[in-house]
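Asks: Mind folding the following:
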Amino acid sequence: MTDLLQVLPDFDTKPYTHLLPSLDRALITVNDLVTLESADVAKRAQLPAGDLRRLVDAVIGSLHQHLGFGGVEFGASSFLSASGKPASGRISTLDEKLDEALGGGLPPDYLVEVTGESGAGKTQLLLTLLLASQLPPPSGLSKSAVYISTEAPLATTRLTQLLSGHPKLASLASSAKPSLSRILSIQTPDLESQEHIIRYQLPVAIRKHNVGLVVLDSVAANYRAEFEKRGPRDGAASMAKRGTQLMQLGALLRDLARTEGISIVVANQVADRFTNPPPSASVSNAVSRSTSANSQGVEPEGIQQVTPIASQGEETLVLSPDPLALDHQQRWFTGWGDNRFDSPQTLKTPSLGLVWTNQIACRIALIKEPVFADRRNMGTANGQDPSTEEDHHISKWKRWFKVVFAPWTPSSDDRGIEFEVRKKGIHHVSKET
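Replies: Prediction:
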């Protein structure tokens, strides 16, 4: 095939050598194989349909393994890693409820993204994982960690604070405690140095220092600095080039996680999502026109009334007139917009778009929302006109830990698990009052 070995370099072509020359002559690509009907491709390449279906099944299976999913059953007490072998351990968040949402923690062999706006707790979670990876099973992998920074340097002061204050770390003997000396810190100021470090230096460091976790914080910073500074003139060309580089980075990180048996966690930024409300009449107009054609006003058989907005108690579901539109689809893989608590004003979209989303195996969204306090009575108490004061101010923030998608555990319900960022580390908020 024209690009089979470029997409899947390790694919075993021996059972299909009699098919590949005909596919090459017909200019059949891997994309054609997995998206077109096998009968149509077989007719175009003049090949037996049965043999071609077996090739398609093998290619799809290899793609699943290469992307880091497949062969996993939710709820199983033991799960397979992305390489198809039993997982050797998991990295704990050091909080039982958050670990429960992750099915026990972060397994090796996967590329995982932690996304959220500034102040949501991304860095706090990543620092906790850097320490937890050094713990023995079942809380860690008994291995070192690498921290690759594209923005701020490693927060060693906060790491020291966690070592002395976290309940699960402070109680350990000094010989069993994680150490800052087992966290390798690297800074990448631009895309060129980032690619060089990940492609050439990182594999050597993993083997030399027995690394089990690699953290990239953040994946979007260098791409934003590189491509957004060019302005709108060559926007299409820049987007195409960025998409290609993102696919290369994703393939490199996934292959590194699988071949070295490590967990790779990347932090990602978010942007505000601006959406237009779906037109309420677009869905029902077709039905109204059909019913008006009936002289007696009886609804024709087989046509059911469609309501754009369906309410059940406090829950409201907006039915999009275009379910195939990206604006409708992205609510199921971004972490925002897929439950009844989300309002249009708080919707976010992880940076780097759909191209990057297709590279990761798991997305964890850290959601932050303000809690407002009423200030109207405060102005009256101080002898001021309450109309000159703002009605509300932010008294605190609430945060939720949400598994958006993962191949080894189900997605979180609604917002996920509420948590707090404390001096002693991140901790879930108990629902008991």
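
Asks: going forward, measure contacts between C-alpha atoms and count neighbours the same way
Replies: Noted.

Asks: Lys348 contacts Asp327, correct?
Replies: No. Lys348 sits out of contact with Asp327 when judged by Cα atoms under 8 Å, with a separation of 11.6 Å.

Asks: Look up how far His393 lies from Asp109.
Replies: Summarising the geometry, the distance separating Asp109 from His393, computed by Cα to Cα, to the nearest Å, is 45 Å.

Asks: The two - which one has more neighbours?
Replies: When neighbours are counted by other Cα atoms under 10 Å, Asp109 comes out ahead of the other of Asp109 and His393, with 29 against 13.

Asks: Surely Thr349 is within a strand?
Replies: Yes. According to DSSP: H, G, I helix; E, B strand; the rest coil, the state of Thr349 is that of a strand.

Asks: residue contacts, it?
Replies: Thr349 makes contact with 270-273, 334, 336 under the criterion Cα atoms under 8 Å, 6 or more residues apart in numbering.

Asks: In these, which residue is surrounded by the most others?
Replies: Taking other Cα under 10 Å as the neighbour criterion, Trp336 ranks highest of the contacts of Thr349 with 26 neighbours.

Asks: can you tell me how far the residue lying closest to Arg182 once chain neighbours are set aside sits from Ser92?
Replies: By the measure of Cα to Cα, 6 or more residues apart in numbering, the closest residue to Arg182 outside its immediate chain neighbours is Ser144, 5.1 Å from it. With the distance defined as Cα to Cα, Ser144 ends up 14 Å from Ser92.

Asks: do Ala49 as well
Replies: Using Cα to Cα, one gets 48 Å for the distance from Ala49 to Ser92.

Asks: How about Gly250?
Replies: The span separating Gly250 from Ser92 equals 24 Å under the rule Cα to Cα.

Asks: Which one's more surrounded, these two?
Replies: Each of Gly250 and Ser92 has its neighbours counted (other Cα under 10 Å); Ser92 has more, 26 against 20.

Asks: So for stretch 424-433, what gets flagged as buried?
Replies: When burial is assessed from 16 or more other Cα atoms under 10 Å, stretch 424-433 yields the following buried residues: 424-428.

Asks: ditto for stretch 398-413
Replies: So for stretch 398-413, counting by 16+ other Cα under 10 Å, buried means 399-412.

Asks: In helices, which of the residues you listed fall?
Replies: When those are checked against helices using DSSP state H, none is located there.

Asks: Which of these sits closest to Ser179?
Replies: Nearest to Ser179 out of the buried residues of stretch 398-413 is Phe401 (Cα to Cα; 26.5 Å).

Asks: And the pLDDT for the closest one?
Replies: Confidence per residue is given as pLDDT, and for Phe401 that number is 97.

Asks: list the contacts for it?
Replies: Contact criterion Cα under 8 Å, 6+ apart gives 98, 364-367, 415-419 as the residues in contact with Phe401.

Asks: Dump the residues you listed into TSV; add neighbour count and distance to Met239 as well.
Replies: Formatted as TSV, the entries for the contacts of Phe401 read as follows, by neighbours: other Cα atoms under 10 Å; distance: Cα to Cα, whole Å:
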residue	neighbour count	distance to Met239
Leu98	23	36
Ile364	24	25
Ala365	28	24
Leu366	28	27
Ile367	26	27
Arg415	23	32
Gly416	20	33
Ile417	22	35
Glu418	20	36
Phe419	21	36
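
Asks: what domains does the record give for this protein?
Replies: Following automatic domain parsing, the chain resolves into domains at 4-67, 76-273+334-433.
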